[in-house]
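Asks: Okay, sequence plus prediction incoming.
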Amino acid sequence: MTDLDTWQTPFLQGLMAPVTEERDDPDLEVVGKIPANLRGMFVRTGPNQQFAPLGAYHPFDGDGMLHAVYLQEGTARYRNRWIESKGLLAERARGHACYGGMSNFQFPADDVLLEGGLLKNTANTATVRHAGRYFSLLEAGPPTEFDHDLATIGEYTYDGRLQGPMTAHPKVDPVSGEMRFIGYSPMAPYLRYSEVNAAGKLVHSTEIDIPAPVMMHDFVITQNYAIVLDAPAVFDMDRMLEGGDPMNWLPGNGTRFGIIPRGGSNEDVRWFETANCYVVHFFNAWESGNTIEIRAPRMEDMPGGFQFENPGAAREPMPWRWVIDLTTGKVTDEQTDDVAGEFPRVNEQHTGQRTRYAYNCPQRTWDFEFDFHGVVKYDIDTDTSQSHYYSDTEVSGEHVFVPDPDGTAEDDGWLMSFVTDRATEQSELVILDARDIASGPVARVKMVARVPIGFHGNWFAD
Ligand SMILES: [Fe+2]
């Protein structure tokens with residue numbers, strides 16, 4: 001056990017408590033049947049703090065750990081590995097934490113700064129595979145490359161072409177094979193948009209002018225555009241440097257969508273105002289004639305920021321649609337369902353194209369994040385939904401759409417999430433048939449050790 005146990009924050013307790021072992025567990029027990037044609041790895045990242053924090057701790061701050069379940073011919077094996085960031089290696093060499101976090105910023109000592117950098121790039125948020133490379137991502141820094149065995153290779157900068165940080169949610173265009181991404185920063189320039197071609201070369205990068213340093217966790221693409229939401233969740237660097245809450249909600253600043261053409265620069269961006277709101281993650285967006293439709297869980301505001309000082313103030317994110325008319329400049333929007341949810345996903349073979357199906361995860365309560373308990377499948381064509389909920393003691397996570405390699409329809413595939421029972425601390429990889437989620441799991445793969453609650457998952461087919 002570590003001295004982490006003495007930390008009373010709920011973010012290091014219970015199902016969020018870090019694990020201390022890197023494991024390799026072959027031949028996992030399976031209840032039900034893993035689809036035989038599924039070959040690849042399900043990877044989920046998240047915070048897994050190694051050393052007792054220097055002060056206030058938020059899950060955004062924790063050292064990244066990758067948890068993978070490799071599926072092959074109906075069998076499953078598990079492996080987990082820390083992201084060995086330069087910052088974590090500097091801390092390991094000293095045997096204690098040397099970095100604060102977003103909610104407790106501290107300048108590291110000179111020797112630590114030299115080894116590990118000003119910020120620890122925990123790469124704890126999400127993963128992507130592009131042009132044959134696997135990356136784990138933190139939106140405050142460059143991507144961190146890892147290999148198929150989860151070994152950390154190191155920060156990747158596209159031959160030095162990468163300027164500024166990369167969002168944890170870059171978008172791979174299934175048509176062109178290119179990857180498009182934003183990077184935001186609390187210090188000017190506040191926003192940058194970049195494109196990497198299908199061969200993995202960073203071919204376009206441009207600064208985008210926005211008036212204030214806002215938190216922009218996600219964005220969306222369509223065939224011809226990238227779309228950002230400039231919402232008034234504004235960084236307060238002075239307060240952050242004093243160790244206070246880094247975010248302000250400034251409704252007077254307003255909220256607007258920015259439409260960036262592929263290959264475009266700042267002067268090509270068109271801005272469209274909409275009612276104040278905040279979006280953490282988007283489902284998808286697509287073009288239809290001269291309009292762009294955007295789908296996302298939407299919050300009215302974000303007064304508690306990310307619960308640094310005001311837990312319990314989180315708003316319920318409601319499924320929403322916006323339609324931007326590029327000819328008239330008019331934006332219309334409406335709520336599309338009354339089940340609050342987050343961690344929205346679609347079949348990413350259709351990113352940027354119209355999707356009929358969308359998957360979203362409801363929580364029991366929004367007072368405390370990370371209390372997911374099911375998944376809802378939306379059928380946009382028929383305006384209907386189907387859902388699957390876990391038992392009262394089970395906590396699920398993001399449900400990743402895994403395409404059926406032999407399928408043709410958009411929902412031919414499965415949904416995968418880690419699910420852990422609070423009562424027993426038994427973790428499972430649950431596999432639902434996306435065509436019929438209401439009938440319950442087709443397989444429950446039992447983990448030997450608990451997988452802590454974390455952030456985003458992905459499926460990387462062999
Ligand atoms: Fe995210």
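Replies: Arrived safely.
Asks: Would you map the strands across the stretch 351-462 of the chain?
Replies: Using DSSP state E, counting those that start in this stretch, the strands of the stretch 351-462 of the chain run over residues 357-361, 374-379, 384-389, 394-395, 400-403, 413-421, 427-433, 441-446, 457-461.
Asks: Quick one: classify the residue of the chain positioned farthest from its centre as helix, strand or coil.
Replies: What lies farthest from the middle of the chain is Thr328; by Cα atoms, centre = their mean that is 33.4 Å. The three-state label given to Thr328 by DSSP: H, G, I helix; E, B strand; the rest coil is coil.
Asks: how close does it get to Asn80?
Replies: 52 Å (Cβ to Cβ, to the nearest Å). Backbone N, C-alpha and C define where each C-beta goes, glycine included.
Asks: Of all the strands of the stretch 351-462 of the chain, which one comes closest to Asn121?
Replies: strand 457-461 (18.9 Å; Cβ to Cβ).
Asks: Report all helices and strands that the closest one contacts.
Replies: For strand 457-461, the packing partners by 3 or more Cβ pairs under 8 Å, 6 or more residues apart in numbering; DSSP states H and E come out as strand 40-47, strand 126-130, strand 400-403, strand 413-421.
Asks: Please repeat the previous calculation with a cut-off of 6 Å.
Replies: strand 40-47, strand 400-403 (3 or more Cβ pairs under 6 Å, 6 or more residues apart in numbering; DSSP states H and E).
Asks: Go through it and flag the buried ones.
Replies: By neighbour count on 16 or more other Cβ atoms under 10 Å, the buried set for strand 457-461 is 457-460.
Asks: cool, stretch 394-407 as well?
Replies: Buried residues in stretch 394-407 (16+ other Cβ under 10 Å): 394-404, 407.
Asks: quick one on the thing from earlier: dump the strands of the stretch 351-462 of the chain into TSV; add distance to Arg133 and mean pLDDT as well.
Replies: Below are the strands of the stretch 351-462 of the chain laid out as TSV (distance: least, Cβ to Cβ, whole Å; pLDDT from 0 to 100):
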stretch	distance to Arg133	mean pLDDT
strand 357-361	26	98
strand 374-379	29	98
strand 384-389	34	98
strand 394-395	32	98
strand 400-403	19	98
strand 413-421	22	98
strand 427-433	24	98
strand 441-446	27	98
strand 457-461	11	98
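Asks: Mind putting those strands into JSON lines with distance to Gln72?
Replies: As requested, the strands of the stretch 351-462 of the chain are exported to JSON lines (distance: least, Cβ to Cβ, whole Å):
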{"stretch": "strand 357-361", "distance to Gln72": "25"}
{"stretch": "strand 374-379", "distance to Gln72": "25"}
{"stretch": "strand 384-389", "distance to Gln72": "26"}
{"stretch": "strand 394-395", "distance to Gln72": "26"}
{"stretch": "strand 400-403", "distance to Gln72": "14"}
{"stretch": "strand 413-421", "distance to Gln72": "15"}
{"stretch": "strand 427-433", "distance to Gln72": "14"}
{"stretch": "strand 441-446", "distance to Gln72": "12"}
{"stretch": "strand 457-461", "distance to Gln72": "11"}
